[in-house]
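J.: The sequence and its predicted three-dimensional model are supplied below.
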Amino acid sequence: DQQVKQNSPSLSVQEGRISILNCDYTNSMFDYFLWYKKYPAEGPTFLISISSIKDKNEDGRFTVFLNKSAKHLSLHIVPSQPGDSAVYFCAATLYGQNFVFGPGTRLSVLP
Amino acid sequence: ETGVTQSPTHLIKTRGQQVTLRCSSQSGHNTVSWYQQALGQGPQFIFQYYREEENGRGNFPPRFSGLQFPNYSSELNVNALELDDSALYLCASSRPQGLAGEQYFGPGTRLTVT
């Protein structure tokens, strides 16, 4: 039973356009959500996070939106760049323990 | 600031053997978590160590065990290896407990069990 789901295995976007990556979760107790980016042969790299008491967090080109009633979060990347091409993981945690990761979405940004 | 390092990078073992994987945490981080990432899946939480004690465990059998040392480096031990243990094993360190958020991952150890 997957507690964190990323239903799109892959996404292709044109350079300069917006990339929207989606994530759904089932456990309403999660209090913190994170996005990680992973390049081949490297470990995941932290990108941006959001507390369950907020509905939006922005960091440069990256914005995460949280809809608690829908148990849904999304990552927006604007504008998308070819260097953003990677696998993106959504993760959720309770009290900073037992981070639960989704299966990932492979983003390809086309020049 | 030194990042998270893991050794070895690759390992091949035979079913039934035992393996030890090592991780050095990032400077200033006293919490270490271990994850198993199977092909095409997200990382799965194995356990977390905080100040040398286990501080949370995922759905993994007891043959997965760990240690954290006074310098906050860590080991993951897997006994009686099974074919399904073949995966990328990731170590992540984070700042003191209570600051839920960023974990810094190492590059992983690729374990193949034949």
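T.: Received it, and whenever you're ready, just let me know what you need.

J.: Can you list the neighbours in contact with stretch B:36-47?
T.: Residues outside stretch B:36-47 that contact it (CB atoms under 8 Å, 6 or more residues apart in numbering or on different chains) are A:4, A:6, A:44, A:89, A:91, A:98-104, B:33-35, B:54-58, B:60, B:64, B:66, B:76, B:85-90, B:108. Quick note: C-beta positions are derived from backbone N, CA and C, even for glycine.

J.: ok, longest strand in chain A?
T.: strand A:86-94 (DSSP state E).

J.: and the next element down the chain from that one?
T.: strand A:97-101 (DSSP states H and E).

J.: helices and strands of chain A: which one has the lowest mean pLDDT?
T.: Scoring the helices and strands of chain A by mean pLDDT, DSSP states H and E places strand A:97-101 at the bottom, with a mean of 86.

J.: pLDDT of the longest strand of chain A, averaged?
T.: The pLDDT scores in strand A:86-94 average 94.

J.: For it, which outside residues touch it?
T.: The contact list for strand A:86-94 (CB under 8 Å, 6+ apart) reads A:3-4, A:6, A:21, A:23, A:25, A:27, A:29-39, A:44, A:47, A:73, A:75, A:99-102, A:104-107, B:42-43, B:100.

J.: buried subset of these?
T.: The neighbour count (16 or more other CB atoms under 10 Å in any protein chain shown) marks A:4, A:6, A:21, A:23, A:25, A:30, A:32-38, A:44, A:47, A:73, A:75, A:99-102, A:104-105, A:107, B:42-43, B:100 as buried among these.

J.: before we move on, back to that, return the alpha-carbon coordinates of the helix or strand following the least confident helix or strand of chain A using CSV.
T.: On the C-terminal side of strand A:97-101, the nearest following helix or strand under DSSP H and E is strand A:105-110. Only the C-alpha atoms of strand A:105-110 are listed here, as CSV (Å, rounded to 0.1, in the frame of the first residue of the first chain):
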residue,chain,number,x,y,z
THR,A,105,8.6,11.2,-12.0
ARG,A,106,11.3,11.5,-14.8
LEU,A,107,11.2,15.0,-16.1
SER,A,108,12.7,15.7,-19.5
VAL,A,109,13.1,19.4,-20.5
LEU,A,110,13.6,19.7,-24.3
